[in-house]
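1. The sequence isn't on hand, but the structure is:
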Ligand code: DGJ
């Protein structure tokens, strides 16, 4: 019989698939394989151990107990207790270039599965699957997990935890025998959602070492798994976390699992990021326009909407060079605080007696775009909508879920609720010149029933549909995904939105690590990064403007601060920082992100270099006091070793606070080769804690 196998490959990685005994075996995922590969799968066939199977078992990608697999299966489900165990056979194998589709069939369970692997030129694999019920009774699908094998040198894992105002903090651990599961049950991807699950060697750092990453393209409940069996095999997987009975496939019906997006890197964590960023940037819907410098008025106004005060803010914004002004929560019916109004998306005439048109006209007259806040999936019990349709909330039986921020979740999979939100939002967009909406989601989904059945999946599909429909009706509309800060940042919603609100924490010191790790997967141009007030509203911390501005530069930049209170000097700095952002955003938003493996734990050195290595912009951030007098030198990878560069410290928003008599000499400007910059570097100045500055490196 002709061997069925497929080798998908990029410049630096390979995925080798082969059909063995009717099962699909992934014989390799990792470094690039070249040469004669005909017997790779055969070479990996294991011995017959004592107290074991009489013949080598190849459970393959479906991981079935019928094929001797003792770990967590790919598919779990049943037909009222029957068809609980499957034995799928590959019935079709289609391979062209870097794409492979495999059809599996189980005649007894009467199920068909289509799995697709697609590797792009950056080595990013998109793995999708559709399960179809070919029988004539209902099939209850409990779980479908995508899996990829991990080699034994992947001895550690890295994933991300978080809470409000402290999203995406890394946790690294050793992989042991057993399963490590990261579940998200918030009904949105969540503050505690792991944007990726990463396996790596003990030595892997930002710049070097092997790493394998997966990210689930889904904004509802999800699960990541790393499993090491007592047979020594290990793998990583991800899928949608289904609630009991959430998916029951009627005869002929199908379930499409959210895709798993995976990549292997030999260049450490930055290698993974480079591939994820390139993959995301290559999508047709990736924002192409230069990312407008934004003023979000939330922390300047909160619910105190006052047209005169807003005009004053806009005047200062125009002077600074702001390109988009956003009116946040509080503009709609009876929304004078967070206890009422969600669900009634009509302008509140008590604060906006002439509507929003005059203020939008004023903003536009300054050459600035206007953006507006919505939270369409939510409803306050104190709203006209809830009074008219209390049945339109996600709920189970006659229970009302516990309130969170005084609000409930609207069941937008319910046609009436969906149309209400779509039409009211659309009417506002139709009647006004609105470039962008910030779409918030400020609570978790619990007890989230839709017409008596679990409703998280249908809710997630409905919000994707709603975003798509809004964009179709309003072709130039941009959407920001916000959820109490960064609780809906994932590779599912990314195809419908243009920006993520990274975190409600605008304290630049805290933002350093939040942004550092959010950018592990999401490219910086999609991450909202704002200069917060002098005294941070979340932490109460006072930070230099130079620190706040340096931090906000490395993303889709903006300001969230009552800038009418800024001093003349601060406004001048904001203006020069705005000019700097605009003249460098092509590099900041299109280059390669670099997180240097800086040896001292008090500081970060990170930046972006141009693909042709002609320029780079770095930031040196001293988070804490140094433990020794002179911190480790600053070394800059990612440049052309033989080229000569001019190196300059620049201060578009003012100098940092130094703790020294005279800064290192190079800070007046110096010329060095790329090789010297990477290997011997420049002396780090001694800064006060929580200070930062920018270093520009330009090829001569
Ligand atoms: C939470 C968001 O993250 C904030 O930026 C702001 O929009 C508030 N909600 C408004 O209620």
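-> Done, it's in. Computed from a predicted structure; not experimentally measured.
2. which ones are touching the closest residue to the ligand within the stretch 301-450 of the chain?
-> Closest residue of the stretch 301-450 of the chain to the ligand, C-beta to the nearest ligand atom: residue 329 (3.5 Å). Heads up, the C-betas are built off the backbone N, CA and C, glycines and all. Counting by C-beta atoms under 8 Å, 6 or more residues apart in numbering, residue 329 touches 298, 302, 303, 335, 338, 373, 375, 440.
3. Show me what counts as buried in whichever helix or strand residue 678 is part of.
-> In this structure, residue 678 sits in helix 674-679 according to DSSP states H and E. Neighbour-count burial for helix 674-679 flags 674, 676, 677, 678 (criterion: 16 or more other C-beta atoms under 10 Å).
4. Can you spell out which helices and strands pack onto it?
-> When contacts are defined as 3 or more C-beta pairs under 8 Å, 6 or more residues apart in numbering; DSSP states H and E, helix 674-679 packs onto strand 644-650.
5. For the strand it packs on, buried residues please.
-> Residues of strand 644-650 classed as buried: 645, 647, 649 (neighbour count, 16+ other C-beta under 10 Å).
6. Spell out the secondary structure type for the closest residue to the first one other than its chain neighbours.
-> By that I understand residue 645. Computed as C-beta to C-beta, 6 or more residues apart in numbering, the closest residue to residue 645 that is not its neighbour in sequence is residue 697, at 4.9 Å. Applying DSSP: H, G, I helix; E, B strand; the rest coil to residue 697 yields a three-state assignment of strand.
7. what residues are up against residue 697?
-> 609, 615, 616, 617, 618, 636, 639, 645, 646, 647, 648, 677.
8. and it, what pLDDT?
-> For residue 697, the model assigns a pLDDT of 98.
9. Show me what it is bridged to.
-> With DSSP bridges as the criterion, residue 697 is bridged to residue 616, residue 647.
10. Also residue 140?
-> Here residue 140 sits in beta bridges with residue 78, residue 248, as judged by DSSP bridges.
11. That one: how many residues sit nearby?
-> When counting by other C-beta atoms under 10 Å, one arrives at 19 neighbours for residue 140.
12. Quick check, it in contact with residue 248.
-> Yes. Counting by C-beta atoms under 8 Å, residue 140 touches residue 248, with 5.0 Å between them.
13. what does the stretch 251-400 of the chain put close to the ligand?
-> Contacts of the stretch 251-400 of the chain with the ligand, taken as C-beta under 6 Å from any ligand atom, map to 298, 328, 329, 373.
14. repeat that with 8 Å
-> Counting by C-beta under 8 Å from any ligand atom, the residues of the stretch 251-400 of the chain close to the ligand are 296, 298, 328, 329, 330, 338, 373, 375.
15. what's the neighbour count on the second one?
-> A count of neighbours around residue 298, defined by other C-beta under 10 Å, yields 20.
16. residues contacting it?
-> Residues in contact with residue 298 (C-beta under 8 Å, 6+ apart) are 326, 328, 329, 373, 560.
17. Let's see if you can find the most crowded of those.
-> residue 560 (24 neighbours).
18. pLDDT score assigned to it?
-> pLDDT at residue 560 comes out at 98.
19. Residue 1 now?
-> Note for residue 1: predicted pLDDT of 69.
20. and residue 685, that's in a strand?
-> No. Counting by three-state DSSP, residue 685 is not part of a strand but coil.
21. Can you tell me how far it is from residue 356?
-> 48 Å (C-beta to C-beta, to the nearest Å).
22. Show me the shaky parts of the protein.
-> Low-confidence regions of the chain, defined by pLDDT under 70, span residues 1.
23. could you pull out the helices for it?
-> 40-43, 268-281, 298-301, 307-320, 357-365, 384-388, 415-431, 456-473, 508-518, 545-553, 568-588, 674-679 (DSSP state H).
24. And the first one, what does it pack against?
-> Helices and strands touching helix 40-43, as assessed by 3+ C-beta pairs under 8 Å, 6+ apart, comprise strand 13-20, strand 23-31.
25. Point out the residues in the protein that sit beside the ligand.
-> So far as C-beta under 8 Å from any ligand atom goes, the chain lies against the ligand at 296, 298, 328-330, 338, 373, 375, 438, 440, 442, 482-485, 501, 504, 560.
26. beta partners for residue 156?
-> On the basis of DSSP bridges, residue 156 takes part in beta bridges with residue 174, residue 200.
27. list the contacts for it?
-> Applying C-beta under 8 Å, 6+ apart, we find residue 156 in contact with 172, 173, 174, 175, 199, 200, 201, 202, 204.
28. For the ligand, state which of those is nearest.
-> Nearest to the ligand among the contacts of residue 156: residue 172, at 28.0 Å, using C-beta to the nearest ligand atom.
29. Nearest residue to residue 414 in space, please, no chain neighbours.
-> Sequence neighbours aside, residue 392 is the residue nearest to residue 414 in space, at 5.6 Å (criterion: C-beta to C-beta, 6+ apart).
30. For that neighbour, give me its contacts.
-> So residue 392 contacts 379, 385, 386, 410, 411, 414, 416, 417, 420 (C-beta under 8 Å, 6+ apart).
31. mind giving me a markdown table with these and columns for neighbour count and distance to residue 574?
-> Shown next, in a markdown table, are these (neighbours: other C-beta atoms under 10 Å; distance: C-beta to C-beta, whole Å):
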| residue | neighbour count | distance to residue 574 |
| --- | --- | --- |
| 379 | 27 | 38 |
| 385 | 23 | 40 |
| 386 | 21 | 42 |
| 410 | 26 | 39 |
| 411 | 27 | 44 |
| 414 | 21 | 46 |
| 416 | 12 | 46 |
| 417 | 23 | 42 |
| 420 | 22 | 41 |
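32. Looking at these, which is nearest residue 281?
-> Distance to residue 281 across those (C-beta to C-beta) is lowest for residue 410, with 33.7 Å.
33. Bridge partners for the closest one, pull those for me.
-> Assigned bridge partners for residue 410, using DSSP bridges, are residue 393.
34. Looks like it contacts residue 343 (just checking).
-> Yes. Look at residue 410 against residue 343 with C-beta under 8 Å: they come within range, at 6.6 Å.
35. What's the local residue count around residue 423?
-> Per other C-beta under 10 Å, the neighbour tally for residue 423 reads 12.
36. what residues are up against it?
-> Applying C-beta under 8 Å, 6+ apart to residue 423 gives no contacts.
37. Repeat that for the one 5 residues further on.
-> For residue 428, the contact set (C-beta under 8 Å, 6+ apart) comprises 345, 346, 347, 372, 434.
38. neighbour-wise, which of those leads?
-> residue 345 leads these on contacts (other C-beta under 10 Å) with 23 neighbours.
39. Surely residue 670 and residue 646 touch.
-> Yes. Between residue 670 and residue 646 there is a contact under C-beta under 8 Å: 7.5 Å.
40. Break the protein down into its structural domains.
-> Using automatic domain parsing, the domain parsing of the chain gives 5-281, 593-699.
41. now do the same end-to-end measure for the first one.
-> The separation between the terminal residues of domain 5-281, taken as C-alpha to C-alpha, to the nearest Å, is 30 Å.
42. how about stretch 561-573: buried residues?
-> Buried residues in stretch 561-573, counted by 16+ other C-beta under 10 Å: 561, 562, 563, 566, 570, 573.
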